[in-house]
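> I would like to see how this sequence folds:
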Amino acid sequence: MFGAPGTAYVYLSYGLHWCLNVVTGPIGDPCAVLLRAVDPIEGLDIMVARRGRERDLTSGPGRVGQAFGITDALDTHDLSSPPLRLLPGWSIPPGSVDVSPRVGVSRAQDWPLRFFVRGNTSVSRIRRSMRARTVPLSSTDAVA
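So this is what the prediction gives:
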């Protein structure tokens, strides 16, 4: 997490699930974003084989890790080069990004740190007890 921006930070959660984070801060500053869900576009057959199912392939950090074959071998990997690359996505219309409380943590649950595109089927569902609210984006903002 202290590496260069665009570097993979991989860790094992609960001794079971490999989780993938993208380092976002300057070297030495522990800043990263956990990939909690991915909108799968290519390699669906491989993801289905790895997950052993056709639904909910990447709707959670452990599922993302399993579907993408994430292991500690990718820790510190530069995400601008194969075998795992982070590429620009598509623009998201203003007003379509929601934020909710964190999931699966005991501390700072009320911190609004879970951002997602409203209605995207790749995102795990929000429990009724967790209220989402719209993140105000200006018309010039783009989320990729």
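> Figure out how far stretch 5-17 is from the centre of its chain.
11 Å (CA atoms, centre = their mean, to the nearest Å).
> Against which helices or strands is whichever strand or helix holds V99 packed?
Taking DSSP states H and E as the definition, V99 sits inside strand 97-100. Other helices and strands packing on strand 97-100, by 3 or more CB pairs under 8 Å, 6 or more residues apart in numbering; DSSP states H and E, are strand 114-117, strand 133-134. C-beta: built from backbone N, CA, C; applies to glycine.
> Tell me the helices and strands packed up against the first one.
Taking 3+ CB pairs under 8 Å, 6+ apart as contact, the helices and strands that strand 114-117 lies on are strand 97-100.
> quick one on the thing from earlier: out of the helices and strands packed on strand 97-100, which gets the lowest mean score?
With a mean of 50, strand 133-134 has the lowest mean pLDDT of those.
> phi, psi of the residue positioned nearest the centre of the chain?
Nearest to the mean C-alpha position of the chain, by CA atoms, centre = their mean, lies L35 at 1.5 Å. The phi/psi pair for L35 (degrees, to the nearest 10) reads phi -80, psi 100.
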